[in-house]
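> Kindly generate the corresponding structure for this input.
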Amino acid sequence: MTEYIIIVALVAVAAIAVYQYFGQVLRSQTAAVARELAGEDGTQQSKSAKTAAQGAKSQTKAKSLKSFTGNASGSTR
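All right, here's what the predicted structure looks like:
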């Protein structure tokens, strides 16, 4: 039983980390779905999710592994 509790806790922590990693896109999409399920208009939240996704895409193009390692010259240490 203890092993199952540990596994569930690890899955929960991983889910929280993934949710935070994807950030604003997931929050906006979740808000849009919640508003649509409530019978309201979720267009604004959908537009916000699209904007956040485009911002994340441009950040991804701007960064590479060299950006994080600091070895832009290609030398090994």
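> how close does I6 sit to A14?
13 Å (C-beta to C-beta, to the nearest Å). (C-beta placed from N, C-alpha, C; glycine too.)
> Flag the helix or strand of the chain with the lowest per-element mean pLDDT.
Ranking every helix and strand in the chain by mean pLDDT, DSSP states H and E puts helix 65-69 at the bottom, with a mean of 61.
> Now do the shared contacts for I6 and A14.
Common neighbours of I6 and A14, counting by C-beta atoms under 8 Å, 6 or more residues apart in numbering, are absent.
> Which residues does the helix or strand where I16 lies contact?
Taking DSSP states H and E as the criterion, I16 maps to helix 2-22. Outside helix 2-22, the residues that touch it by C-beta under 8 Å, 6+ apart are L26.
> Just want the most central residue of this protein.
F22 (0.3 Å; C-alpha atoms, centre = their mean).
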